[in-house]
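**Student:** Quick one: sequence plus predicted model below, questions after.
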Amino acid sequence: MKINVSVIRGDITKSRSDAIVNAANPSLLGGGGVDGAIHRAAGPRLQAACRRLNGCMVGEAKITPGFDLRAAYVVHTAGPVWQGGGYGESELLANSYRNSLLVADAHRCRTVDFPSISTGVYGFPLVKAAPVAVRTLMATMRTCQYVRRVRIVAFDAHTYETFAAAIAANAEMA
Ligand code: ADP
């Protein structure tokens, strides 16, 4: 399958993709940042569905309907909190991207949008996170049966530019 990972500027709550990924926390009971925005846009049924999931370990991913969103599904993953880099943060971040994409593929999603997981309140340095994200998404896409397009939806210019550079660097190596 053709590998198709790109970055766009935008608000992930407006996505028309089959699935959007939520950078949630292990409780799955809602939070700030992109998590809060997704819950506001999806309506209260999302919170009710999340309550039934019994949380999510760091690096794991769980799926719900999108409810009032245009996206059919929300994949919830808890990314790692940055603790200096010596606590397996990169591996855990890779797990979040990989497991989110795999659960979307298992639900026959063809198009999946991601926010930049862990690089907001969780403090993961963007220049370290973007190459991990891009490498993991490209490798995982090769194993997917349905997913044919993956996008990072960057909320700000710095995130957009850092992901664009990571994608360009990966394309050079391919
Ligand atoms: P984390 O706790 O995993 O760090 P945050 O929500 O704090 O999650 O931040 C993750 C990224 O999501 C940040 O780059 C933040 O700017 C971005 N973000 C916030 N709101 C949105 C949105 N509506 N669409 C896309 N990205 C968003």
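**Tutor:** Sure, I can see it. Residues are numbered from 1 along each chain as shown.
**Student:** Once you drop chain neighbours, what's closest to residue 35?
**Tutor:** By the measure of CB to CB, 6 or more residues apart in numbering, the closest residue to residue 35 outside its immediate chain neighbours is residue 24, 5.1 Å from it. The way it works is simple: take the backbone N, C-alpha and C, and place the C-beta from them, glycine included.
**Student:** Tell me who's in contact with the one you found.
**Tutor:** 31, 35, 50, 56, 76, 77, 78 (CB atoms under 8 Å, 6 or more residues apart in numbering).
**Student:** ok, residue 28 - contacts?
**Tutor:** 50, 51, 53, 55, 56, 62, 76, 78.
**Student:** how close does the residue nearest to residue 35 get to residue 43?
**Tutor:** As for residue 24, its distance to residue 43 is 16 Å (criterion: CB to CB, to the nearest Å).
**Student:** Setting the sequence-adjacent residues aside, check what's closest to the residue most central in space within the chain.
**Tutor:** The residue lying closest to the centre of the chain (CA atoms, centre = their mean) is residue 114, at 3.5 Å. Once flanking residues are discounted, residue 114 sits nearest to residue 21: 4.5 Å by CB to CB, 6+ apart.
**Student:** and what of residue 124?
**Tutor:** In space, residue 124 is closest to residue 118, 3.8 Å off (CB to CB, 6+ apart).
**Student:** ok, now residue 30?
**Tutor:** In space, residue 30 is closest to residue 39, 5.1 Å off (CB to CB, 6+ apart).
**Student:** How about the residues of the chain by the ligand?
**Tutor:** Residues of the chain found near the ligand (CB under 6 Å from any ligand atom) are 11-13, 23, 33-35, 37, 79, 115-122, 153, 155-156, 159.
**Student:** circling back to that earlier point, could the contacts of residue 28 go into TSV alongside neighbour count, pLDDT and secondary structure?
**Tutor:** Shown next, in TSV, are those (neighbours: other CB atoms under 10 Å; pLDDT from 0 to 100; DSSP: H, G, I helix; E, B strand; the rest coil):
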residue	neighbour count	pLDDT	secondary structure
50	24	98	helix
51	13	97	helix
53	15	97	coil
55	16	97	coil
56	21	98	coil
62	23	98	strand
76	26	98	strand
78	27	98	strand
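**Student:** if I've got this straight, residue 74 is in a strand?
**Tutor:** Yes - assessed with DSSP: H, G, I helix; E, B strand; the rest coil, residue 74 lies in a strand.
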